[in-house]
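# Coordinates for the following, if possible.
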Amino acid sequence: MALSKIFTRKKAALALLRVYRLAPDCIDLVEWPQKLSSYMDSRDVGLLTSVMSLVVGFAKARPALFENLMEQVRVEAYIYYIIYTNPNHNPDTSLRLLLCCIGC
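You can find the predicted model right below:
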């Protein structure tokens with residue numbers, strides 16, 4: 001995906017979250033889980049973080065509607081923690097922790 005598209009989608013997700021926080025009645029949450037699930041597979045950390053923030057913000061209002069996406073947010077946040085916060089991480093250890101996290 002082009003860098004400008006990623007940047008635009010990241011900013012759009014954050015803008016939508018801000019609009020939702022200001023006027024929650026203006027956004028119908030029923031249509032959003034499927035739309036947001038396609039962005040959860042992004043390889044761009046900035047876009048993924050923005051979409052995860054949006055999912056968490058929406059899930060506070062309707063937890064049952066975003067249950068599947070919240071599980072994906074938990075797993076991806078844990079993967080990010082394993083890989084990016086430990087500069088001396090061992091790939092074998094990271095893989096074992098990842099497999100434990102997703103229940104394999």
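# Kindly list the longest helix within the protein.
The longest helix of the chain (DSSP state H) is helix 3-22.
# where are the low-confidence patches of the protein?
Under the criterion pLDDT under 70, the flagged ranges of the chain are 1, 77-104.
# phi, psi of the most centrally placed residue in it?
Residue closest to the average C-alpha location in the chain (C-alpha atoms, centre = their mean): Met52, at 2.5 Å. Here is the backbone geometry of Met52 (degrees, to the nearest 10): phi -60, psi -40.
# That one against Glu71, yeah?
No. Taking C-beta atoms under 8 Å as the definition, Met52 is not a contact partner of Glu71, at 12.0 Å. The C-beta positions use only the backbone N, C-alpha and C, and glycine is treated the same way.
# what's the overlap in contacts for the two?
Counting by C-beta atoms under 8 Å, 6 or more residues apart in numbering, Met52 and Glu71 have no contacts in common.
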